[in-house]
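In: Here's a sequence, model it:
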Amino acid sequence: MSSSEPAPLWELPEPSRTEPGPKAAPARAPKSAGRPGARKPGPRKGQQQPAPELPVAKVVVDIPLAHLDRTFDYQVPEKLHEAAVPGCRVRVRFAGQLVDGFLVERTDTTEYERKLAFLERVTSSEAVLPPSLLTVCRAVADRYGGTLSDVLRLALPPRHAKVEGEPPAEPAPAPPSPDVSAWARYQRGPAFLEATAEGKPANAVWQALPGEDWPRRLAEAAAAAAAQGRGALLVVPDHRDLDRVHAACAGLVGESAVVALIAGLGPAERYRRWLAVLRGAVRVVVGTRAAMFAPVAEPGLFVVWDDGDDLHLDPHAPYPHVRDVVMDRAHAAKASLLVGGFARTAEAQLLVESGWAQPVLADRAELRAAAPRVTPVGEDFDVARDEAARVARLPAVAFEAARQAFAAGLPTLVQVPRRGYVPGLACGHCRTAAHCRRCAGPLALPGGSADGAPKPPACRWCGVPETAFRCVACGSGRLRAVIVGAKRTAEELGRAFPGVPVRTSGATEVLASVPGRPALVVCTPGAEPVAEGGYGAALLLDGWALLGRQDLRASEETLRRWMAAGSLVRPAASGGRIVVGAEAGLPVVQALVRWDPAWHAAQELSERRELGFPPAVRMASVEGTPDAVAGVLDDLPLPGTGEVLGPVPLGDFDEEGNAARERALVRVARPDGKTLAAAVHAAAARRDARKATEPVRIQLDPLDLI
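Out: Next up is the predicted model:
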């Protein structure tokens with residue numbers, strides 16, 4: 001793998017421009033100042049004096065208004081000269097109010113021509129915003145057309161004074177170099193680990209083999225960086241993955257050298273762990289989305305696992321994605337980046353095709369030895385033996401795979417796209433969707449019984465039972481299931497396999513692991529527990545429900561969920577088998593059969609280039625009331641490649657038939673992405689300056705386009 005510095009996919013933003021601070025009234029001179037021979041007036045009693053050195057402080061105020069997204073100059077009083085260090089939290093007077101802010105720099109001069117206001121106080125002398133983190137936050141704000149204060153709100157946890165006063169922990173010793181021989185199964189794997197250990201920047205997209213102990217592999221990569229005195233940041237989608245990766249890292253680098261950051265921690269513990277990272281006490285940081293800005297000292301490796309999971313997208317402005325943030329950080333720090341997963345997204349494929357990252361793959365021989373056998377429902381042999389296989393939810397081939405797993409003493413995994421009992425109902429005669437007569441919400445079967453009889457259908461919105469259903473289209477009183485949920489599936493399978501325990505995972509109770517003995521494990525996508533020794537079979541039901549979603553990423557997301565479940569199944573040589581409920585001719589099913597997500601990602605990226613959808617282009621979504629959307633679009637200068645799609649109505653309509661909310665999409669060629677982000681920010685700044693009252697949501701590179 002090349003050790004030279006890779007060129008980024010976009011240009012890093014320029015430093016923010018410093019602007020003068022708020023006006024302050026000049027002090028009135030004494031009347032005796034103009035008399036001949038009069039003594040020069042000294043400072044009044046109690047009057048503040050500027051600091052003897054670097055008296056001007058540049059402050060980022062915590063105000064999320066786009067037209068105030070810059071630094072303001074304040075004067076440092078002499079009493080705060082020692083405490084006002086760059087990166088500390090301060091309180092300043094802004095527009096007549098006391099607001100929080102961060103002191104980012106101290107200088108000798110200012111461009112402001114009038115007298116500067118003084119800092120009110122230093123909240124804490126802890127430098128929580130080092131220059132490297134400030135640079136990354138500014139880059140993220142510019143990339144997404146947001147404000148620096150919004151990004152800082154995501155990057156820095158709230159202060160906890162008691163924790164801040166605790167003595168800092170001693171830095172953890174460097175661990176020994178780990179054994180990375182397991183990476184030899186992958187082409188370019190040893191070269192990537194070697195570059196990471198030597199501190200050379202290397203970017204890779206890793207496709208893990210089925211059944212791979214991926215937490216251990218990531219821990220080995222982190223330990224290789226930590227052994228050379230450099231830090232590592234590993235970001236995973238959820239807490240179950242976090243627990244596995246944290247345990248693997250602790251086993252290689254020691255408990256004192258690794259810390260887990262997650263938003264669910266209490267304020268004190270979260271700030272304690274974050275300070276340990278800031279002060280350099282730990283070398284390896286493992287976390288969920290909240291950890292993507294962790295201030296790792298001397299970073300040598302950044303990792304994001306399963307970048308296609310929507311949990312990696314922050315729902316708060318400016319809506320950054322973990323993958324893009326760690327890419328910015330790796331480039332700025334000249335560190336290595338690893339994007340890993342069982343599947344591959346179109347965004348990761350773009351990194352590979354552009355040459356910015358190298359693929360880390362196993363050869364076909366290794367893949368065939370590790371992958372389970374995949375059987376799509378609808379193969380000619382199965383249809384010849386079972387004519388109902390095309391339409392049956394659980395055809396004979398699925399029952400056969402489950403029985404073989406139970407005979408071998410292994411559990412069977414059953415993946416159901418929806419939770420609940422029967423979350424969707426329709427007319428049994430004309431198939432029209434069944435809705436509540438009170439609020440027009442969808443009807444569903446809640447499951448269970450009342451007074452010895454099954455509970456009647458009920459509305460999923462208002463909860464009112466429907467005891468006398470009549471179809472609005474044909475008048476029929478019969479109902480049928482449109483979608484069968486995980487609970488109903490568990491009941492059906494329990495009756496089909498008497499004596500076999502049935503366990504469910506999803507929604508309110510997510511299992512981390514199950515023992516390696518015969519059992520039916522029914523789960524929703526993303527809630528698959530790990531089985532000891534692997535599953536004997538996996539039944540991927542209702543593939544049409546995943547593939548039929550109105551979503552640009554439906555096939556990509558379906559393949560990612562199928563591969564996540566299939567990776568828990570034993571190899572075909574050990575009897576492992578996957579039965580997928582979808583037609584064999586579909587490209588996504590072919591990718592699963594051949595276990596080739598790279599081919600599917602290349603197909604997805606090629607189609608999006610033809611259609612002009614991300615990641616082949618940069619796109620902005622403008623959502624709000626019709627007047628607000630129209631105002632933003634009218635004030636949004638676009639580059640030559642710019643194009644506006646819409647607006648289209650969203651949600652409810654008023655009595656006159658007008659949409660309450662609309663959304664418009666703005667797309668530009670990828671090289672003009674920085675121009676689009678700057679234009680969006682400028683339009684939002686002008687809108688804030690006019691004090692527009694109607695709310696509008698502007699998001700760059702949204703995941704949901706349909």
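In: What are the boundaries of the helices in the stretch 601-706 of the chain?
Out: For the stretch 601-706 of the chain, the helices defined by DSSP state H, counting those that start in this stretch occupy 626-634, 673-689.
In: One more: the stretch 51-200 of the chain?
Out: In the stretch 51-200 of the chain, the segments counted as helices under DSSP H, counting those that start in this stretch are 131-143, 148-155, 161-164, 189-197.
In: With distance to V303, mean pLDDT and mean neighbour count as added columns, please give those in CSV.
Out: Bear in mind the C-beta positions are built from the backbone N, C-alpha and C, glycine included. Formatted as CSV, these follow (distance: least, Cβ to Cβ, whole Å; pLDDT from 0 to 100; neighbours: other Cβ atoms under 10 Å):
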stretch, distance to V303, mean pLDDT, mean neighbour count
helix 131-143, 16, 95, 22
helix 148-155, 18, 95, 22
helix 161-164, 27, 93, 12
helix 189-197, 10, 95, 22
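In: Go through these and name the closest to L676.
Out: L676 sits nearest to helix 131-143 of all the helices of the stretch 51-200 of the chain, at 10.4 Å, using Cβ to Cβ.
In: any chance of the helices of the stretch 51-200 of the chain in JSON lines, with distance to R91 too?
Out: Output for those, formatted as JSON lines (distance: least, Cβ to Cβ, whole Å):
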{"stretch": "helix 131-143", "distance to R91": "19"}
{"stretch": "helix 148-155", "distance to R91": "15"}
{"stretch": "helix 161-164", "distance to R91": "14"}
{"stretch": "helix 189-197", "distance to R91": "42"}
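In: so which of the ones you listed gets nearest P173?
Out: Minimum separation from P173 across those (Cβ to Cβ) falls at helix 189-197, 17.1 Å.
In: C-terminal to the helix or strand of the chain with the lowest mean pLDDT, what's the next element?
Out: Least confident helix or strand of the chain, by mean pLDDT, DSSP states H and E, is helix 380-385 with a mean of 43. Note on helix 380-385: by DSSP states H and E, the next helix or strand toward the C-terminus is helix 396-407.
In: Check which helices and strands that following helix is in contact with.
Out: Other helices and strands packing on helix 396-407, by 3 or more Cβ pairs under 8 Å, 6 or more residues apart in numbering; DSSP states H and E, are helix 380-385, strand 412-415, strand 537-540, strand 577-580.
In: Tell me the span between the first and last residue of stretch 329-341.
Out: Across stretch 329-341, the terminal residues are separated by 20 Å (Cα to Cα, to the nearest Å).
In: Run a quick neighbour tally on A660.
Out: 12 (other Cβ atoms under 10 Å).
In: Hmm, I typed the wrong one, I wanted G543.
Out: Using other Cβ under 10 Å, G543 has 22 other residues around it.
In: so who does the closest residue to it other than its chain neighbours touch?
Out: Counting by Cβ to Cβ, 6 or more residues apart in numbering, G543 lies nearest to A582, which is 3.3 Å off, once chain neighbours are set aside. Residues near A582 by Cβ atoms under 8 Å, 6 or more residues apart in numbering: 376-378, 540, 543-544, 547, 588-589.
In: again, but for H681
Out: H681 sits next to 66, 69, 142, 145-147 when contact means Cβ under 8 Å, 6+ apart.
In: So the closest residue to C427 other than its chain neighbours versus A440, what's the distance?
Out: In space, and not counting its chain neighbours, C427 is closest to C471: 4.0 Å by Cβ to Cβ, 6+ apart. Distance, C471 to A440, by Cβ to Cβ, to the nearest Å: 14 Å.
In: Check A531 too.
Out: On the measure of Cβ to Cβ, A531 and A440 end up 43 Å apart.
In: between these two, who's got more neighbours?
Out: Set A531 next to A440 and count neighbours by other Cβ under 10 Å: A531 wins out with 22 against 10.
In: Dig out what that one forms beta bridges with.
Out: Residues in a beta bridge with A531, per DSSP bridges, are V514.
In: if we can go back for a sec, count of neighbours near the residue nearest to C427?
Out: The number of residues near C471, taken as other Cβ under 10 Å, comes to 20.
In: Run a quick check on R570 versus G534, I expect a contact.
Out: Yes: if you go by Cβ atoms under 8 Å, R570 and G534 touch, sitting 3.9 Å apart.
In: Once you drop chain neighbours, what's closest to the most centrally placed residue in the chain?
Out: Nearest to the mean C-alpha position of the chain, by Cα atoms, centre = their mean, lies H312 at 1.0 Å. Among residues not flanking H312 along the chain, V322 sits closest, at 4.1 Å (Cβ to Cβ, 6+ apart).
In: okay, the one you found: pLDDT?
Out: You'll see V322 listed with a pLDDT of 97.
In: Please apply the same query to C474.
Out: 86.
In: where does it fall, helix, sheet strand or coil?
Out: Three-state call for C474 (DSSP: H, G, I helix; E, B strand; the rest coil): coil.
In: count of neighbours near it?
Out: Neighbour number of C474 under other Cβ under 10 Å is 13.
In: among the contacts of H681, who's most crowded?
Out: G146 (27 neighbours).
In: doesn't L154 make contact with it?
Out: No: the pair G146 / L154 is not scored as a contact, 9.8 Å apart, by Cβ under 8 Å.
In: shared neighbours of the two, which are they?
Out: When contacts are counted by Cβ under 8 Å, 6+ apart, the set common to G146 and L154 is empty.
In: By pLDDT, give me the weakest of the contacts of A582.
Out: Among the contacts of A582, pLDDT bottoms out at G378, giving 55.
In: Could you turn the buried ones of the contacts of A582 into a ChimeraX selection?
Out: Remark: buried members of the contacts of A582, expressed as a ChimeraX selection using 16 or more other Cβ atoms under 10 Å:
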select :376,377,378,540,543,547,588,589
